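S.K.: need a structure here:
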Amino acid sequence: MTCEEAEVLIHALIDGELDAGHAREVEAHVEGCAHCAALMKEYQEIRQAIAESDLRYKAPLELRRKIEKSLPQPQAQAAPTRRSVLRGFALGSAVSAMAATGLVAIVLRNDDEQRIENEVVSAHLRSLQAGHLTDVISTDQHTVKPWFNGKLDVSPPVIDLTAQGFTLIGGRLDYVNAREIGAVVYKRRQHVINLFVAQTANTERKTAKISTLQGFNIRRWSDRGLNYWAVSDLGADELSEFGDKFEGAMRANKEG
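M.R.: Okay, here's the model as predicted:
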């Protein structure tokens, strides 16, 4: 185990989230590595300090009253007209027809893209908090990929890019656009890359686009019924390299 891998897994070890095998690997590495041992001690001290601090804040009753007073009062609603009732039935029929097909999709309109990007950046930030980065911790794609089975309608592709300089460290479930999606987690030096993957009804391939939001770079693309968002504080060129390597490996797997 390298120091780079251990630094990611130390958080999980302290939080009791590792299985016995991975816990032994990290403990063995820490015993023989002064740098990681010092890092683990620092994390434990931070954890203890937070646990001993009273950080809860109870809002005063007066604040609740002000908020309730500022909320709009419920208005009496007119009796539904025949037109509105028919429109409601028509909408319900359309939704039922979509559900009957078994199709679960995120429909991304142009005016929704900015909102979705805000959500993936927020999810990325949440993941950087201690103990939130991964639900399954492993550098083995054959461990991470099966973990998603049964948890999502479509499991995200998991590609091992360690040889290309992007280390797979695990995966987790996250929420974007009010639905549960998969996030595959990689690391480049000290930089975390979250690859969010969601099913879409559109099977058309969309070429990659790079954008920047709140200081994070986002590489977005679509292929074979899946939408991808790679989010990181890596430079745009390195994040593009990650996306290119990932897409290239996907094509190679398809051809193979």
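S.K.: can we go C-alpha only for contacts and neighbour counts from here?
M.R.: Fine.
S.K.: for the stretch 151-256 of the chain, what spans make up the strands?
M.R.: 167-176, 179-188, 191-199, 206-213, 216-223, 226-232 (DSSP state E, counting those that start in this stretch).
S.K.: Rebuild these as JSON lines, extending it with mean neighbour count.
M.R.: As requested, those are exported to JSON lines (neighbours: other C-alpha atoms under 10 Å):
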{"stretch": "strand 167-176", "mean neighbour count": "22"}
{"stretch": "strand 179-188", "mean neighbour count": "22"}
{"stretch": "strand 191-199", "mean neighbour count": "23"}
{"stretch": "strand 206-213", "mean neighbour count": "13"}
{"stretch": "strand 216-223", "mean neighbour count": "21"}
{"stretch": "strand 226-232", "mean neighbour count": "24"}
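S.K.: Residue 241 is nearest to which of these?
M.R.: Between residue 241 and those, the shortest gap by C-alpha to C-alpha is with strand 216-223, which sits at 10.1 Å.
S.K.: what packs against that closest one?
M.R.: Contacts defined by 3 or more C-alpha pairs under 8 Å, 6 or more residues apart in numbering; DSSP states H and E place strand 216-223 against strand 206-213, strand 226-232, helix 236-255.
S.K.: now the angle from the shortest one to strand 179-188?
M.R.: An angle of 50 degrees separates the directions of strand 226-232 and strand 179-188 when computed by axes from the mean of the first three to the mean of the last three C-alpha atoms, to 10 degrees.
S.K.: just checking, what packs against strand 226-232?
M.R.: helix 110-127, strand 191-199, strand 216-223, helix 236-255.
S.K.: picking up where we left off before, mind putting the strands of the stretch 151-256 of the chain into a markdown table with mean pLDDT and distance to residue 152?
M.R.: Listed next are the strands of the stretch 151-256 of the chain as a markdown table, based on pLDDT from 0 to 100; distance: least, C-alpha to C-alpha, whole Å:
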| stretch | mean pLDDT | distance to residue 152 |
| --- | --- | --- |
| strand 167-176 | 94 | 9 |
| strand 179-188 | 95 | 7 |
| strand 191-199 | 95 | 10 |
| strand 206-213 | 93 | 23 |
| strand 216-223 | 95 | 18 |
| strand 226-232 | 96 | 13 |
